[in-house]
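can't give you the sequence, but here's the structure:
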C-alpha cells in the first residue's frame, strides 16, 4: 500500500520500481492525492520468463474504509481504447450509480436477494445479501469525469436477464423448416391428385331409358 501527498512523487516512485505509466498520470492522480487515498501497485509477470502474459488471474481482495461506497474510475480516462465495466455490488438493498460519469448509461443485468449459500459467495455476502450487477461501456475514455459513487435505489425491484438463443436446425445440411414446408406441400399435392383420380374413376350413372311415343290414331 502506498500513500502520497504529491502526485509527482508517487509517479516517480512507480517509474523507479519498473511501472510503465502514461505521462498524464500525475494529473489523473491529483484528485486521489487531495483526498488522501491509498494506492496498491500490482505487477503482473508471466510464469515463465520471456513468454506472453495470458490466462485467468486469481481475484484480488482489497478492503478500505470509506464514508460512502465508491468505485474509482478516473484513471480509466488515460486509456487509449474503449473501455467496459462490469460491477457487482453486494449491499443490504439494490444499489445504483449516481451518474454515467462520461460513459453510456449503466445497465442493470441482475438485481436480487441471494438465498442461503455455503460457498465463498455466501461468506462474502453475509449481512449484505442483495446483489446488483451493472455493466457500462466507455467508447471515449477521455470523457470519464469522476468515480462511480453508489447509492441505494428507490426500490428493491428484482431484475433477471433472459437470453434467447435462436438456432437454425439442419438435417443433412438442409434447414428443417424447408423440409417441413416441402413435406406439407407434397401432402397437399398428393391429396389433390388423389381426389382428381377418384373423381375420374367415379362410375357415371346412365340416363334413364326413353319410352317410344304412342302411335297416333
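Structure received. Just so it is clear, the structure is predicted and the values come from calculations on it, not from any experiment.

dihedrals phi and psi, residue 132?
When read as degrees, to the nearest 10, the backbone of residue 132 gives phi -120, psi 120.

ok, it - contacts?
Residues counted as contacts of residue 132 (CB atoms under 8 Å, 6 or more residues apart in numbering) are 88-89, 91, 94-96, 108, 110-111, 153. Bear in mind the C-beta positions are built from the backbone N, C-alpha and C, glycine included.

how does this protein divide up, domain by domain?
1-65, 170-197 (automatic domain parsing).

tell me how far residue 6 lies from residue 104.
35 Å (CB to CB, to the nearest Å).

can you check residue 68 too?
Applying CB to CB to residue 68 and residue 104 gives a distance of 23 Å.

more neighbours, those two?
Using other CB atoms under 10 Å as the criterion, residue 68 and residue 104 rank with residue 104 on top: 13 against 8.

all helices of the chain, in order?
Under the criterion DSSP state H, the chain contains helices at 7-16, 25-34, 120-124, 176-200.

any idea which of the ones you listed scores lowest on pLDDT?
Comparing mean pLDDT over the helices of the chain, the weakest stretch is helix 176-200, at a mean of 54.

quick one: neighbours of residue 78, just the number.
By other CB under 10 Å, neighbour count at residue 78 equals 16.

give me the nearest residue to it, chain neighbours excluded.
Among residues not flanking residue 78 along the chain, residue 22 sits closest, at 4.8 Å (CB to CB, 6 or more residues apart in numbering).

and the pLDDT for the one you found?
So, for residue 22, pLDDT stands at 80.

correct me, but it touches residue 79?
No: contact criterion CB atoms under 8 Å: residue 22 and residue 79 do not qualify, at 9.1 Å.

which residues of the protein score low on pLDDT?
In the predicted model of the chain, residues 168, 170-217 satisfy pLDDT under 70.

one more time with 90, if that's ok
The chain contains residues with pLDDT under 90 at 1-30, 32-68, 80, 115-127, 161-217.

can you give me the strands for it?
2-3, 38-39, 70-71, 83-91, 95-97, 107-113, 130-138, 148-152, 159-160, 170-171, 174-175 (DSSP state E).
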